[in-house]
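**Student:** got a sequence here, can you build the structure:
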Amino acid sequence: MRKAAVKRATKETDVAVSIDLDGVGAAEVATGIGFLDHMLDLLARHSRIDMAVKAKGDLHIDHHHTTEDVGIALGQAVRQALGEMKGINRYADVHLPMDEALTRVALDISGRPFLVFRVEFARDKVGSFDTELVQEWFQAFAMNAGVTLHVETLHGTNDHHIAESCFKGLARALRAAVAIDPRAAGEVPSTKGTLGG
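**Tutor:** As a prediction, this is how the structure comes out:
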């Protein structure tokens, strides 16, 4: 079973995450940040990864620590759930439209974390959520999941749509990359024979 649970407690946040890579996209999310909850809910739905995320953080300061630490914990959970990564597709890419917004996401479950994030927002906030925190979340997730991740918005004027296309694009790429290829069951998808460095 490709499942994992991660707890992360610091002076800034207390985060608990559990996932099932072979789920149906069920989500139970409560971070105290409405916009982040919305993004994580659609991440679960479109990746078909069951996800429970609970976080309490220093929201009286801002949303930064909670957003980042949720990305860290979720990335760690994905990495743990993948185990030895035998049989996975490993690579995936998608062009994700969200009304006028279009984002390209490419993913390699390589064990070598890297993020290229080419996304511009017109405003500082969507509601009360700082748009700069979208990149912070993706950075935390990629580094801790051990994935090479490229995210680039090609078109977009509505910041909510742009952010949503990023998360939905990641969801669809994850869904494809973590899927088991029946022709390669039991094989690590690398000429090295191992992934992770």
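**Student:** can you show me the strands along this structure?
**Tutor:** Applying DSSP state E to the chain gives strands spanning 3-9, 13-20, 27-30, 50-57, 91-98, 101-108, 114-118, 125-126, 129-130, 148-155.
**Student:** what's the closest of these to I180?
**Tutor:** Taking C-beta to C-beta, strand 91-98 is the member of the strands of the chain nearest to I180, at 13.1 Å. Every C-beta, even on glycine, is put in place using the N, C-alpha and C of the backbone.
**Student:** now the closest one and strand 101-108, what's the angle there?
**Tutor:** 170 degrees (axes from the mean of the first three to the mean of the last three C-alpha atoms, to 10 degrees).
**Student:** avg pLDDT for strand 91-98?
**Tutor:** Over the span of strand 91-98, the pLDDT mean works out to 98.
**Student:** not counting it itself, show me its contacts.
**Tutor:** Applying C-beta atoms under 8 Å, 6 or more residues apart in numbering, the external contacts of strand 91-98 come out as 102-109, 154, 156, 161-162, 164-166, 168-169, 172-177.
**Student:** dump the strands of the chain to CSV, plus distance to E68 and mean neighbour count.
**Tutor:** Below are the strands of the chain laid out as CSV (distance: least, C-beta to C-beta, whole Å; neighbours: other C-beta atoms under 10 Å):
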stretch, distance to E68, mean neighbour count
strand 3-9, 10, 15
strand 13-20, 8, 20
strand 27-30, 16, 16
strand 50-57, 9, 20
strand 91-98, 23, 17
strand 101-108, 20, 22
strand 114-118, 13, 14
strand 125-126, 17, 18
strand 129-130, 12, 20
strand 148-155, 16, 18
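**Student:** could you dump these to CSV with distance to D37?
**Tutor:** As requested, the strands of the chain are arranged in CSV below (distance: least, C-beta to C-beta, whole Å):
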stretch, distance to D37
strand 3-9, 18
strand 13-20, 13
strand 27-30, 5
strand 50-57, 8
strand 91-98, 18
strand 101-108, 20
strand 114-118, 21
strand 125-126, 13
strand 129-130, 10
strand 148-155, 20
